[in-house]
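This is a predicted model, with the sequence first.
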Amino acid sequence: PPAERVELHPYNTKTNKYEMHKYIIDPVIASAENVANYNDFAFIAHARTAKTYRLDAAPARASLVGGGQPETDVWAYNGTVPGPALRLRQGERVRIEVRNALAQETTVHWHGLRVPNAMDGVPHVTQPPIAPGGTFVYEFDLLDAGTFWYHPHAMSVEQIERGLAGAFVVEEENPPAVDRDLVWVLDDWRLTREAQIAGDFVNFMDASHAGRIGNTITLNGRIPEAFAVKAHERLRLRLVNVANARIFALEFRGLAPLVIALDGHPAPPHASEGGRIVLGPGMRADVILDIGEIAGGRAPVVDSYYAQRTYNLVDLVVEGSARPAPLKETIRLSDNPLPALDLKNAVRHAIEFGGGMMDPKLMRARRPDGGMDPEAMRGVRERMAAGRIWTVNGRAVMVLGHGHEPLFALRPGATCILDLANETAWAHPIHLHGVVFRALERNGRAPARIEWRDTELLHPGERATLAFVAAEPGDWMLHCHVLEHQETGMMGIVRVG
C-alpha cells in the first residue's frame, strides 16, 4: 500500500556486496526508473513479511523451588520464567511488540544478535526507555543462526534477577540431525526462607566483589531433580547462562559432550578444556551429547566452578533406548555470514578494567612499611562511596542513563583489534554489543581453534586480544555482564561512524 515504507539497502555493483547503511523511503521513490545504478550502487527495495510476536513484561508468580514450597513473586515475559523461547529460522525477519506492565521503565536487548543500532535495546542510547504502560516494537532480520537470548537493559540488575530473560534460537536453514534440540536456561536466585527474592539489589558487598551470587539454582525456571534420556540418543543442548553474576562450569560425568558452537557461532567440534563447559553470565554453548552406556543408568551433571561449592545440578537418567547403537556422524555447523577481518589495516585500541575490592594496583603500591598510600586510598574511598566501584581505562561510569562519551570511535567497516586487560581481583565476562569478535590471543597465546563470540570471560590478571569489524553505525555498549559490576562503573560506549 502507498502508505507503507520500505527499506533500501545499497548494493555495491563493484564489490557485489550489500553495504551496511540502510535507507527508509516511500515506495513511490522506488519506482522502476529510480531503482538504477547511482555512483556504482544499485538500490534494491524489498518489503519482507515479518513473523510477529508479543512479549508482555509483568509481575507474575512461579514455582521455582517446588516441593510444596510457596510460589515466588517474579517479573516475567508472558507469565513464564524463563520467558518463552523464541524459535525462528536464519534469514527470516521478526517483529516483536514489547508491552511494559511493570512499575519501572524497561527495554529489551537481543543479546548476541546483530541488529540495527535502533533495535539494540539500550535506554537513552539506542531508544527511549519503555515507560510503564508503554509499548515498543522491535523489528530486524536474523542474519546469523545460533543460540542467543533476550533481557532488559534498563534496571537490568533488578529486572533480570526477578526473572526477565528468555532464549532466542535461530535455527540453521538445514539444521543438523539430532533426536532432540533442547534449551537449558541456567539461572540462580537469592531467595529468602519464604522462597521470595531478596531485595538487596546492588549492595556494596556484592557490587565490589563477585556480584550477586544466589543460593538457588534453576534449570528452565525450576530446581531440577532428574532429566530423562534414552540410550544412544543424540541431544543438542543449547546452554544459556542468564544469571546476574554466577559462573557455571558444567561437567557431564560419564559422558563426552562435544562443543559445536560458542555464543551462537559455529566452532570446530571439540571437547571442552578440562572436561568443563565454562559459561560466564550472558555466555552460551551448543553441545552435542551422545548418550552412551552409563553405569547404573544415571549420569550426574555437576557444576564445579566454585571449588568449595561444587554441587549436582541434575542427573541424566536413562529410560529406554533410541536405537541399537550410537550415531557415528560428526556434526559440524556451517559458518555464519560474518564480515571478514582485515587485520593488516586494523586500528588498535586498549581497555583496562580496574577497581573493586582487593584492587591489585593498590596492593602493588604499598609503601615499604606495608602501609597503603593515604592519598590513593582517599581517592578510592571517595569513588566507591559515590557508587563508582569499577573503572574502564581509569574512569568509572554510572549506568544511569547509559549515555556518555565514547571510549573511542571507529570508521564503519573498519577492523578493530582490541586489547583487554583485567587488572582486578575478580572475573569479568565482557560483552560487546553489535559485533561478533574473534579472539586472536589469550594471555599471549593463540587459541587452539578459531572462535567467534560476543562475550569474553576474563579471570583476574588475564588478558585477551580480540578482533572485530565495526559494521553497523551507532553507539554500542561494552560492559561487564556481572550486572552489579556494570551498574557500578564497568561499562563504556564504542562509537561507529
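Alright, I've got the coordinates. A quick note: this is a predicted structure, and the numbers were derived from the prediction, not measured.

where exactly do the helices run in the stretch 51-200 of the chain?
156-159 (DSSP state H, counting those that start in this stretch).

next one: the stretch 301-450 of the chain
360-364, 374-385.

quick one: contacts for P337?
In this structure, P337 makes contact with L143, D144, judged by CB atoms under 8 Å, 6 or more residues apart in numbering. (C-beta placed from N, C-alpha, C; glycine too.)

Next up, phi/psi of it, please.
Main-chain dihedrals, P337, degrees, to the nearest 10: phi -80, psi 70.

With V482 instead?
Note on V482: backbone dihedrals following degrees, to the nearest 10 are phi -70, psi 110.

Just give the nearest non-adjacent residue to it, would you?
Counting by CB to CB, 6 or more residues apart in numbering, V482 lies nearest to G211, which is 3.9 Å off, once chain neighbours are set aside.

same thing with S272?
Closest residue to S272 apart from its sequence neighbours, by CB to CB, 6+ apart: V259 at 5.5 Å.

Quick check: the gap between that neighbour and E171.
For V259, the distance to E171 equals 18 Å [CB to CB, to the nearest Å].

And those two? Which one has more around it.
Neighbour tally, V259 and E171, criterion other CB atoms under 10 Å: the higher count belongs to V259, 20 against 15.

Give the residue spans of the chain that score low on pLDDT.
The chain contains residues with pLDDT under 70 at 1-48, 358-387, 398-403.

Spatially central residue for it, please.
Residue closest to the average C-alpha location in the chain (CA atoms, centre = their mean): G282, at 3.6 Å.

so what's it up against?
H111, W149, N241, V242, P429, H431, D454, T455, H481.

which secondary structure element contains it?
In the assignment (DSSP states H and E), G282 maps to no helix and no strand.

how much space between the residue lying closest to it once chain neighbours are set aside and R348?
Nearest in space to G282, with sequence neighbours left out and distances taken as CB to CB, 6+ apart, is H481 at 3.8 Å. As judged by CB to CB, H481 and R348 stand 24 Å apart.

Neighbour count for these two, which is higher?
Neighbours were counted for H481 and for R348 using other CB under 10 Å; H481 has more, 27 against 11.

I430 is in contact with that one, correct?
Yes: contact criterion CB atoms under 8 Å: H481 and I430 qualify, at 7.5 Å.

Can you check which residues contact both of those two?
T455.

ranges for the strands of the stretch 101-250 of the chain?
109-111, 135-141, 146-151, 166-171, 180-189, 216-219, 226-231, 234-241, 248-252 (DSSP state E, counting those that start in this stretch).

Buried ones in the third one, by neighbour count?
Read it as strand 146-151. Along strand 146-151, these residues count as buried under the neighbour rule (16 or more other CB atoms under 10 Å): G146, T147, F148, W149, Y150, H151.

ok so, going back, closest one to G79 out of the contacts of G282, please.
Set against G79, the nearest of the contacts of G282 by CB to CB is V242 (17.2 Å).

give me the number of residues near the closest one?
Neighbours of V242 (other CB under 10 Å): 27.

Spatially nearest residue to it (excluding sequence neighbours)?
A165 (4.0 Å).

Run through the residues that contact the closest residue to H209 other than its chain neighbours.
The shortest distance from H209 to any non-neighbouring residue, by CB to CB, 6+ apart, is to M357 (5.7 Å). When contacts are counted by CB under 8 Å, 6+ apart, M357 is found next to S208, H209, A425.

what sits against I247?
N241, V278, L279, G280, P281, Y305, Y306, A427, P429, L457.

Next: G67.
Taking CB under 8 Å, 6+ apart as the test, what G67 contacts is I223.

let's go with 6 Å and repeat that
Applying CB atoms under 6 Å, 6 or more residues apart in numbering to G67 gives no contacts.

coming back round to it: turn the buried residues of strand 146-151 into CSV, columns for distance to G444.
Listed next are the buried residues of strand 146-151 as CSV, based on distance: CB to CB, whole Å:
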residue, distance to G444
G146, 29
T147, 30
F148, 31
W149, 32
Y150, 36
H151, 34
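
Which single one of those residues is nearest to M477?
Among the buried residues of strand 146-151, H151 lies closest to M477 (CB to CB), at 12.9 Å.

bridging residues for the closest one?
As for beta bridges, H151 partners with H109 under DSSP bridges.

count of neighbours near I288?
For I288, the neighbour count with other CB under 10 Å is 20.

Kindly report the same for V170.
Residues near V170, counting by other CB under 10 Å, number 23.

so it makes contact with Q90?
Yes: V170 is within contact range of Q90, at 5.4 Å (criterion: CB atoms under 6 Å).

any shared contact partners between those two?
L142, A145.

Look up how far E233 lies from the residue nearest to the centre of the chain.
On the measure of CB to CB, G282 and E233 end up 29 Å apart.

now stretch 260-269: how far from the chain's centre is it?
14 Å (CA atoms, centre = their mean, to the nearest Å).

from memory R323 sits against H232, does it?
Yes: if you go by CB under 6 Å, R323 and H232 touch, sitting 4.8 Å apart.

Which one's more surrounded, those two?
H232 (18 against 12).

Quick one: residues contacting the more buried one.
When contacts are counted by CB under 6 Å, 6+ apart, H232 touches A322, R323, P326.

Looking at the residues you listed, spot the one nearest A299.
P326 (14.3 Å).

How about that closest one: what's its closest non-neighbour residue?
H232 (4.7 Å).

Can you report phi and psi for that neighbour?
phi 70, psi 20.

I figured E451 hits L262, correct?
Yes: using CB under 6 Å, E451 is in contact with L262, at 5.5 Å.

Give me the more crowded residue out of these two.
Using other CB under 10 Å as the criterion, E451 and L262 rank with L262 on top: 23 against 20.

What distance do you get for that one to A471?
For L262, the distance to A471 equals 20 Å [CB to CB].

same check, this time on W184
Relative to A471, and taking CB to CB, W184 is found at 31 Å.

do T424 as well
30 Å.

Would you mind telling me which of the two has more residues around it?
Taking neighbours as other CB under 10 Å, T424 and A471 compare with T424 leading, 26 against 18.

right, and that one touches I389 too?
No: with contact defined as CB under 6 Å, T424 does not reach I389; the gap is 10.1 Å.

Of the contacts of G282, which pair is most distant in space?
By the measure CB to CB, V242 and D454 form the most distant pair in the contacts of G282, at 14.5 Å.
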